[in-house]
Every structure is written in structure tokens, then in C-alpha cells.
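Participant: okay, predicted coordinates and the sequence, questions at the end:
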Amino acid sequence: MKLPATEIKKIAVFRALQLGDMLCIIPAMRALRYAYPTAHITLLGLPWAKTFTERFSSYFDDFIHFPGFPGLPEQPFDAKETVAFLTSMQGQFDLLLQMQGNGTVINPMMELFGARFTGGFYTHGDFAANTDYYMPYPNYGPEPERHVLLMEHLGIPAKGNELEFPLTEQDQADFDALQLPLEPGNYVCIHPGSRGAWRQWPTEHFATLADYCVEQGYTAVLTGTAGEMPIVESVIGHMKHPALNTAGTTALGAMGVLIKNARLLVSNCTGVSHMASAFQTPSIVISMDGEPDRWGPINKQVHRTLNWIEHPDFDLVFNETKDLLQKA
């Protein structure tokens with residue numbers, strides 16, 4: 001390691017993003033924890049991510065809410081809150097890692113934390129304090145592996161690229177409380193929503209695949225948040241067969257149990273696709289953002305990512321779905 005464990009007692013990881021983005025850094029966090037087993041590791045992120053650190057308590061010891069910064073679109077920016085936040089961060093950490101992105105916007109702010117060492121990604125021509133600990137942003141390959149490359153740049157050996165999603169007894173209890181008429185392996189999850197409308201495959205296509213799954217003897221389970229109910233209802237409205245609508249009823253952990261025990265997940269490229277990757281639940285992932293190689297699951301045998309921007313062909317998606325369902 002470039003920074004011996006004897007020198008690094010407090011680490012902060014900056015990544016103020018959503019669920020799928022966070023799951024993609026878990027392989028890097030696994031390597032980081034292995035390298036610094038006794039360090040106190042804090043995530044600096046969006047408010048929702050406090051529960052993320054609780055779920056991944058093997059890798060994170062603490063959480064601090066990041067209140068926003070000019071140029072970062074993930075949440076509103078409040079100047080007074082951000083200045084107070086930066087003041088409170090002064091000198092708290094031995095190592096601060098920028099794992100937000102290519103660093104164009106955020107790297108100058110990283111130096112305002114006053115950490116002993118700062119590292120992460122940078123873009124050639126933009127600010128980076130010290131290239132011993134910063135590396136050029138690898139604008140290629142799967143998202144999890146990009147962050148593993150950062151660990152290797154810091155002299156931290158990789159510990160695999162597999163995703164994780166730990167489930168708890170409470171998750172199982174929350175799922176059981178729903179009393180869904182389902183048997184493990186006998187249903188298919190259909191998840192037609194995502195945070196951006198431009199990333200949503202047409203609902204009539206989801207409906208056609210859901211009907212096919214029903215015709216093969218599986219229950220079609222429609223999933224989503226309460227806010228995605230109109231999308232889910234649109235899929236059901238296009239279906240010929242009945243479906244089970246769970247939108248707005250499943251907490252994140254219960255959703256994890258549901259996906260883990262599914263025969264197949266069909267979804268847009270969004271958080272649940274990374275959950276399926278963690279569980280190795282077979283999945284059909286429709287990429288509508290033009291970056292299937294970055295965000296699609298790494299295992300191409302268990303998971304099939306279809307680039308709809310380049311190949312808007314429903315038959316391709318249907319044939320991949322048929323193939324996965326036919327595999328033992």
C-alpha cells in the first residue's frame with residue numbers, strides 16, 4: 001500500500017449518489033476494508049445513504065450527510081449549509097477518497113476538507129492535488145471495476161468484482177408480512193420504472209414479456225416505488241394476463257428478498273438490476289442511456305444487457321428472455 005495502515009486511522013469516502021451507483025463501489029470498499037481493517041470508514045453522501053451504511057456495516061462505520069455543492073445536480077445547494085459542512089470537516093480524516101466521478105467539479109472542494117491525504121479520480125487538464133493518490137478517470141469498463149482500479153492505484157489489492165446486497169432477519173420479516181402468494185423460483189419480477197423517464201423502456205414491451213412469462217407458468221410480479229405506480233399500472237393495462245402488483249409496498253430489504261428468490265428480473269438499467277447482479281438472479285436489463293458496458297451486470301451469462309439505443313429490436317430482447325427462462 002502507498003499509505004501504510006499505521007498512518008491511516010480515519011477514512012472518508014465521498015459518493016453522493018443513488019442506490020445503483022452505491023452498490024457499484026462495494027467491490028472497492030471490500031478491498032479498502034481488507035487493507036485497513038481497523039480504520040474508521042465514513043461515507044459522505046446523500047441523506048438516504050445512512051441506511052446504506054447500516055446495511056453495509058462491514059465496510060462503513062459512519063455516515064455524514066453531504067449538503068450539496070455548486071455544479072452537482074443530485075440535490076439542492078445551500079451555501080450556508082455547505083460552508084458549515086466544510087468547516088466541520090476540517091482535519092477530520094487521514095485519507096479522503098473522491099469516488100463521485102471524474103473530478104471535474106468536485107476535486108477542488110476535496111482539498112477544502114483538510115485531510116492529510118486526498119485521492120480519487122481526475123481528468124487530464126483539471127485539478128488534482130497529488131497524482132500519487134489521484135489517477136486519471138478510467139472512462140472505460142464496468143463501473144465496479146473502475147473503482148477497483150482506484151484501489152489498485154493506491155496499492156490496495158483487489159478482492160474480486162462481485163456485488164453484494166446483505167439481507168437481514170428484518171428484511172425477511174418485512175417480506176413475510178406482505179403475505180405474497182409466491183414460491184421461490186416460480187415468479188418473474190418486472191420493474192418498469194427508473195429515476196429518469198429517458199431511461200424507461202416502453203411499458204407495452206414490459207407487458208408483452210410479462211405475458212410471455214405468465215404463459216410459461218410463472219407469476220408476473222410488478223415492482224416499483226409508490227411514485228412509479230402509474231408506470232406499473234400502464235404495464236398491467238397492456239397485459240392480457242393477471243399480474244401481482246407490489247409497487248409501493250416493499251421496503252428496500254423486502255425488495256431484496258423478492259429479487260433474490262425470483263426466477264428472473266426484467267428491468268431498466270437501474271438500482272434493482274444491480275441487486276439482481278449481487279444475488280446472481282438471472283436478469284434482462286434494458287439500457288436506454290447508451291452505456292450498457294458501464295452499468296450492465298458483469299456476468300454476461302446470467303445477466304443479459306440489451307442496448308436499446310443501438311438496437312431497438314424487441315425480438316432481440318424477447319429471444320434473450322426466452323433463452324434465460326429455458327436455462328436450468
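Facilitator: Received it, and whenever you're ready, just let me know what you need.

Participant: show me where pLDDT drops low in the protein?
Facilitator: By pLDDT under 70, the low-scoring segments of the chain are 328.

Participant: for residue 199, phi and psi?
Facilitator: The phi/psi pair for residue 199 (degrees, to the nearest 10) reads phi -100, psi 10.

Participant: quick one: the residue lying closest to it once chain neighbours are set aside from residue 102, how far?
Facilitator: Leaving aside its sequence neighbours, residue 199 sits nearest to residue 288 (CB to CB, 6 or more residues apart in numbering; 4.6 Å). (Each C-beta comes from the backbone N, C-alpha and C, glycine too.) Residue 288 sits 22 Å away from residue 102, going by CB to CB, to the nearest Å.

Participant: mind checking which of those two has more residues around it?
Facilitator: residue 288 (22 against 18; other CB atoms under 10 Å).

Participant: does the more buried one touch residue 312 like I think?
Facilitator: No: using CB atoms under 8 Å, residue 288 makes no contact with residue 312, being 9.7 Å away.

Participant: one step back: and the residue nearest to residue 199, what does it touch?
Facilitator: 198-201, 268-269, 308-309 (CB atoms under 8 Å, 6 or more residues apart in numbering).

Participant: mind listing what residue 216 touches?
Facilitator: residue 325.

Participant: for it, what are phi and psi?
Facilitator: Torsion angles at residue 216 (phi, psi; degrees, to the nearest 10) stand at phi -90, psi 10.

Participant: and if you look at residue 221?
Facilitator: When read as degrees, to the nearest 10, the backbone of residue 221 gives phi -110, psi 110.

Participant: now swap in residue 10 and tell me
Facilitator: phi -130, psi 120.

Participant: so where do the helices sit in the stretch 51-200 of the chain?
Facilitator: Using DSSP state H, counting those that start in this stretch, the helices assigned to the stretch 51-200 of the chain run over residues 79-89, 107-110, 143-153, 169-177.

Participant: could you flag which of the contacts of residue 288 are buried?
Facilitator: 199-201, 268-269, 308 (16 or more other CB atoms under 10 Å).

Participant: which one of these is nearest to residue 61?
Facilitator: Distance to residue 61 across the buried ones among the contacts of residue 288 (CB to CB) is lowest for residue 269, with 30.9 Å.

Participant: mind listing what that closest one touches?
Facilitator: Counting by CB under 8 Å, 6+ apart, residue 269 touches 194, 199, 285-289, 292, 295-296, 305.

Participant: what about the nearest residue to it once chain neighbours are set aside, neighbour count?
Facilitator: Nearest residue to residue 269 in three dimensions, chain neighbours excluded: residue 287, at 4.7 Å (CB to CB, 6+ apart). Residue 287 has 22 neighbours, counted by other CB under 10 Å.

Participant: identify the bridge partners of residue 287.
Facilitator: residue 307 (DSSP bridges).

Participant: what's near enough to touch it?
Facilitator: Applying CB under 8 Å, 6+ apart, the residues near residue 287 are 269, 295-296, 305-309.

Participant: then residue 89?
Facilitator: Counting by CB under 8 Å, 6+ apart, residue 89 makes contact with 12, 64, 112-114.
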